[in-house]
Each structure stands twice: as C-alpha cells, then as structure tokens.
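Q: got a predicted model here, sequence first, then my questions.
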Amino acid sequence: MSSDKSSIIEKAQKLAAKGQIDKAIEEWQKLIAETPNDGNIYNTIGDLHLKANHAKEAISAYLKAADAFRGAGFELKSIAVYKKIVKIDPSRIDVYEKLADVHAERGLVANAAEDYLRVAKHYAKGGDLQASVAVYRKLANLDPKNFAVRQKLAEICQKWGLAQEAAEEYGKVLEIFKDRQMTSEAQQVIDQVLDLETSRSGQPPVENDASKEKELSRPPEVIVEKAAPVENEPLAPEPASPPMAAPAVEEPLPLSARMEKSLQEGDWPAAEVLMEELRDQPAESLAFLSKWVEYFLEKKIHPKAFLVLQKAVSLAESENMRVSCRSIIQSYLASNPEQISAHQLLGENF
C-alpha cells in the first residue's frame with residue numbers, strides 16, 4: 001500500500017499544481033479508506049477546499065483533522081487547526097469551546113480562560129443560561145481554589161434566577177474561605193446564602209449556628225438606669241481659679257498625607273475609610289486603589305490584591321474610566337499571569 005499511497009499523493013500534488021483542485025481532493029480522499037484517522041490527510045483536504053473557496057467543505061475537513069490530531073495526542077496540531085476554522089467562521093462557538101478544552105488540557109490557562117469566556121458570553125446573550133453556566137464552571141475548574149471566579153459564577157447564577165446552582169457555588173466559595181481562615185469574607189458569603197434562601201422561599205431563613213454566632217458576636221446592650229434626682233445643699237463658693245489655657249489642637253493631616261501614611265504602614269482598613277472621603281474624586285480614588293494593588297502584589301498577597309483590583313474595576317465601570325483601569329489589570333496579570341479571574345475581568349470590561 002505504501003507505493004500506492006506515494007503515487008496517489010504524487011498525483012494529487014500534480015493536480016493541485018495545475019489548479020485542478022477538485023480532482024486533487026478526489027485523490028486525497030482515496031487515502032481515507034485506508035487511514036481514516038490520519039489528521040494530516042483531512043488537513044490537506046481542508047486546505048484544498050479553502051483554496052477553492054469551499055468554506056463549508058473546508059471547515060468539515062478541518063474538524064475531522066482536529067479531532068484526529070487530538071485523539072492521537074497531538075494537541076498542538078489540533079489547536080492550530082481549530083484556529084483555522086474560527087478564522088474562516090468566527091461564529092463557530094462550538095469550535096471556540098473545543099479550542100478552550102484543548103488549551104485547558106495543555107495547561108494553557110490564560111488561553112483557555114479567554115475562549116471559555118467568549119463562549120459563556122455568547123450562550124448568555126442567546127438566552128441559553130444553563131449552557132453558559134456549564135462553561136463558566138469549566139472556567140472555574142481551571143483553578144478550583146480561585147474564590148474570585150467561583151464567587152462571580154455564584155453571583156451570575158443568582159442574577160439569572162438559578163438559585164440551586166448559585167447555592168452550590170456559594171458553598172464552594174465558603175469552603176475556600178474557611179480553609180484560608182478568611183473569616184470576614186466567609187461571613188459575607190453566609191449572608192449572601194441567607195439572602196438567597198429568603199428570596200427562594202419568601203420567608204426569613206431559619207436561624208442556624210452561623211446566624212446565632214453572628215448574633216452572639218454583637219456586643220451586649222448596656223442599659224443605664226437613671227438615678228433619682230438628689231437635692232443639692234447650697235455649697236460655699238469655691239475660690240476662683242486662674243483661667244486655664246486652651247489645650248493645643250493638633251491640626252489633622254491633609255488627605256494626601258493620610259493616604260500615603262496608610263500605604264507606608266500597610267493599613268488597608270484605614271485606606272477603606274479614606275476611600276469614603278474620596279467618594280467625589282473618582283480619578284484620585286482609582287489612582288489610590290492602583291497603588292494598593294501594587295502594594296499587595298509586592299507583598300505577594302495575591303488574593304488581597306485581586307479584591308482591591310475588583311474594587312478598582314467596579315469604580316472604573318461606574319465612572320466610565322475603563323481605559324484607565326486597563327493598565328491596572330495588566331499590571332496585575334504581569335505579576336500573576338495564571339489568575340483566570342483577572343483575565344475574565346479584562347475580557348468582560350475591555
């Protein structure tokens with residue numbers, strides 16, 4: 001068969017050189033019966049169809065080539081062929097999902113995240129919410145311990161009225177926070193789940209250990225009883241004392257100095273208070289948040305850096321400053337390129 005195969009290939013190449021594309025394709029197809037899983041044959045047939053402007057036939061052949069390459073363990077070849085297909089027809093969302101799957105298998109997390117996000121958005125826009133959630137879950141599974149992606153997925157499910165899916169994802173986020181001993185963040189998730197249960201049932205949630213714990217953590221009310229009025233006896237006038245000088249009042253530091261001080265001391269709670277004073281100064285607020293993102297990145301505290309980054313993106317969206325925020329996200333990705341949720345922020349907002 002090897003000699004027959006060589007002669008067929010030689011004949012097909014000569015026909016193609018003469019511009020007889022259809023006849024060349026016929027020759028290549030003769031080889032499929034003997035080697036049906038040869039991705040190279042399908043790829044060549046696809047190239048010939050594309051040369052003849054047969055887009056539909058080219059895509060059909062390329063799909064078979066990509067599947068054959070992937071089945072044989074040649075993921076990089078399958079990626080190259082899938083890219084050919086979406087270049088011919090960018091509307092082939094099914095191919096983008098296949099491409100994302102192969103990227104994920106290869107450990108190309110950033111590429112997989114970009115493609116999954118494109119697919120999830122497409123399904124959501126078309127009203128296929130379940131399909132969109134399924135793809136978002138693939139995105140989240142690229143980094144199972146990434147709470148930001150899980151939390152975003154839970155919020156999406158809740159927004160779309162998929163209460164059961166939202167509860168499942170919030171549960172996963174809560175486990176991550178508990179493992180990392182992120183107590184305040186865990187309590188916020190508990191509150192969100194309780195709100196979700198209320199909206200599902202229409203009734204206030206049954207008091208559980210978490211809500212009891214929250215209630216017990218509040219300081220007790222101190223009731224001060226008013227004492228009965230006492231009749232004062234007239235007292236002898238005290239001798240007049242010389243007037244005391246008023247204590248010196250320390251001038252508060254200007255806002256810019258307090259902002260710099262919070263950064264120098266790494267006092268994020270103080271920075272959050274200062275953000276309230278900056279409420280009417282969005283540009284200054286964004287610049288301040290950008291410095292905090294850099295601060296946490298330098299300290300290698302990536303979860304906190306991402307939380308601040310989310311605040312910056314939210315501010316940029318509300319104040320129409322997306323262009324300014326893009327550089328903050330890119331700076332974060334330069335330090336932490338495998339952070340899927342940061343790629344997601346970049347894809348969603350820019």
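A: It's in.
Q: I'd say residue 99 and residue 82 touch.
A: Yes: with contact defined as CB atoms under 8 Å, residue 99 reaches residue 82; the gap is 4.3 Å. For glycine as for every other residue, the C-beta is placed from the backbone atoms N, C-alpha and C.
Q: hey, what's in contact with both of the two?
A: The contact sets of residue 99 and residue 82 do not overlap (CB atoms under 8 Å, 6 or more residues apart in numbering).
Q: what's the mean pLDDT across stretch 75-94?
A: The pLDDT scores in stretch 75-94 average 93.
Q: what residues of the helix or strand encompassing residue 5 count as buried?
A: Following DSSP states H and E, the helix or strand that holds residue 5 is helix 2-17. Neighbour counts using 16 or more other CB atoms under 10 Å place 8, 9, 11, 12, 15, 16 of helix 2-17 among the buried residues.
Q: swap in stretch 117-129?
A: Result for stretch 117-129 [16+ other CB under 10 Å]: buried residues 117, 118, 119, 120, 121, 122, 123, 124, 129.
Q: leaving out the residues flanking it, which one is nearest to residue 43?
A: Closest residue to residue 43 apart from its sequence neighbours, by CB to CB, 6 or more residues apart in numbering: residue 65 at 4.0 Å.
Q: err, residue 89, not the other one
A: residue 59 (6.3 Å).
Q: which element is the one you found on?
A: helix 55-71.
Q: one step back: what about the helix holding residue 5, average pLDDT?
A: 83.
Q: try stretch 112-128
A: 88.
Q: can you tell me the SS state at residue 127?
A: What DSSP: H, G, I helix; E, B strand; the rest coil gives for residue 127 is coil.
Q: can I get the CA coordinates of stretch 46-61 in CSV?
A: Extracted C-alpha coordinates of stretch 46-61, given in CSV (Å, rounded to 0.1, in the frame of the first residue of the first chain):
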residue,chain,number,x,y,z
GLY,A,46,-9.3,21.2,4.1
ASP,A,47,-6.5,23.4,2.7
LEU,A,48,-7.5,22.4,-0.9
HIS,A,49,-11.2,23.2,-0.3
LEU,A,50,-10.2,26.6,1.2
LYS,A,51,-8.0,27.3,-1.8
ALA,A,52,-11.1,26.6,-4.0
ASN,A,53,-13.2,28.9,-1.7
HIS,A,54,-15.3,26.0,-0.5
ALA,A,55,-15.6,27.3,3.1
LYS,A,56,-18.2,24.8,4.3
GLU,A,57,-16.3,21.8,3.0
ALA,A,58,-13.0,23.2,4.3
ILE,A,59,-14.4,23.5,7.9
SER,A,60,-15.9,20.0,7.7
ALA,A,61,-12.5,18.6,6.8
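Q: now do the same contact list for residue 63.
A: 85, 95.
Q: any stretches of the protein with poor pLDDT?
A: Across the chain, the ranges flagged by pLDDT under 70 are 1-3, 189, 194-252, 341, 344-345, 348-350.
Q: let's see it at 50
A: Scanning the chain for pLDDT under 50 picks out the ranges 1, 205-238, 241, 244-250.
Q: how is it divided into domains?
A: 1-75, 162-214, 255-349 (automatic domain parsing).
Q: closest to residue 143 out of the ones you listed?
A: domain 255-349 (5.2 Å; CB to CB).
Q: where's the closest one relative to the chain centroid, distance-wise?
A: 16 Å (CA atoms, centre = their mean, to the nearest Å).
Q: again with stretch 173-184
A: For stretch 173-184, the distance to the chain centre is 18 Å (CA atoms, centre = their mean).
Q: how many residues are close by residue 162?
A: For residue 162, the neighbour count with other CB atoms under 10 Å is 18.
Q: neighbours around the residue nearest to residue 89, how many?
A: 20.
Q: list the residues that contact it.
A: 46, 85, 88, 89, 92.
Q: swap in residue 129?
A: 123, 160, 162.
Q: C-alpha coordinates for the helix or strand just after the helix holding residue 5, CSV please?
A: Downstream of helix 2-17, the next assigned helix or strand under DSSP H and E is helix 21-30. Taking C-alpha atoms only, helix 21-30 is exported to CSV below (Å, rounded to 0.1, in the frame of the first residue of the first chain):
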residue,chain,number,x,y,z
ILE,A,21,-8.4,21.3,-7.1
ASP,A,22,-11.5,19.1,-7.2
LYS,A,23,-9.6,16.2,-8.8
ALA,A,24,-6.7,16.6,-6.3
ILE,A,25,-9.2,16.3,-3.5
GLU,A,26,-10.6,13.1,-5.0
GLU,A,27,-7.1,11.6,-5.0
TRP,A,28,-6.6,12.6,-1.3
GLN,A,29,-9.9,11.1,-0.3
LYS,A,30,-8.9,7.7,-1.7
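Q: now the helix or strand following helix 21-30 against helix 21-30, angle please.
A: Next helix or strand after helix 21-30 toward the C-terminus (DSSP H and E): helix 39-51. Relative orientation of helix 39-51 and helix 21-30, computed by axes from the mean of the first three to the mean of the last three CA atoms, to 10 degrees: 170 degrees.
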